[in-house]
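Asks: Prediction below, plus the sequence it came from.
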Amino acid sequence: MAADAGPPLVLMALGLVLWLAVTATVAGISIQTVGMILFVVGAIWLVVELIQARSVSRGPVVGERVVEEPVAYRDRRI
């Protein structure tokens with residue numbers, strides 16, 4: 001299962017544009033701060049997705065399987 005990295009990358013790109021490229025101002029809201037927050041949230045989301053993908057791809061650890069003969073066949077040995 002591959003990591004779904006698309007949405008976090010889009011969020012990070014949007015955050016970078018707002019943080020670094022937008023110079024407009026809105027009363028009471030810092031657009032640059034909103035962009036920085038979106039970028040950080042996207043980066044954390046991407047790291048979580050990659051960690052989950054790595055843990056899923058490894059799969060469960062399974063020891064050696066011991067198969068014994070059924071009891072009915074043990075008694076019939078010659």
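Replies: Structure received.
Asks: Report pLDDT for residue 25.
Replies: We note a pLDDT of 86 for residue 25 in this prediction.
Asks: who's in contact with the residue lying closest to it once chain neighbours are set aside?
Replies: Nearest residue to residue 25 in three dimensions, chain neighbours excluded: residue 31, at 7.1 Å (Cβ to Cβ, 6 or more residues apart in numbering). The C-beta positions use only the backbone N, C-alpha and C, and glycine is treated the same way. By Cβ atoms under 8 Å, 6 or more residues apart in numbering, the contact list for residue 31 reads 18, 22, 24-25.
Asks: Which of these ranks first by neighbour count?
Replies: Scoring these on neighbours with other Cβ atoms under 10 Å, the highest-scoring entry is residue 18 at 20 neighbours.
Asks: Can you tell me the closest non-neighbouring residue to it?
Replies: Using Cβ to Cβ, 6+ apart, the closest residue to residue 18 is residue 35 (2.8 Å).
Asks: OK, contacts around the one you found?
Replies: Counting by Cβ under 8 Å, 6+ apart, residue 35 makes contact with 14-20, 22.
Asks: Ok, residue 18 next?
Replies: By Cβ under 8 Å, 6+ apart, the contact set of residue 18 is 31-32, 34-35, 38.
Asks: try it again with 10 Å
Replies: Going by Cβ atoms under 10 Å, 6 or more residues apart in numbering, residue 18 touches 24, 30-39.
Asks: Could you check how far it is from residue 32?
Replies: Using Cβ to Cβ, to the nearest Å, residue 18 is found at 7 Å from residue 32.
Asks: Least confident secondary structure element in this structure?
Replies: helix 71-74 (a mean of 60; mean pLDDT, DSSP states H and E).
Asks: Now the helix or strand hosting residue 8: buried residues?
Replies: For residue 8, the element it lies in under DSSP states H and E is helix 6-16. Residues of helix 6-16 classed as buried by neighbour count (16 or more other Cβ atoms under 10 Å): 8, 11-12, 15.
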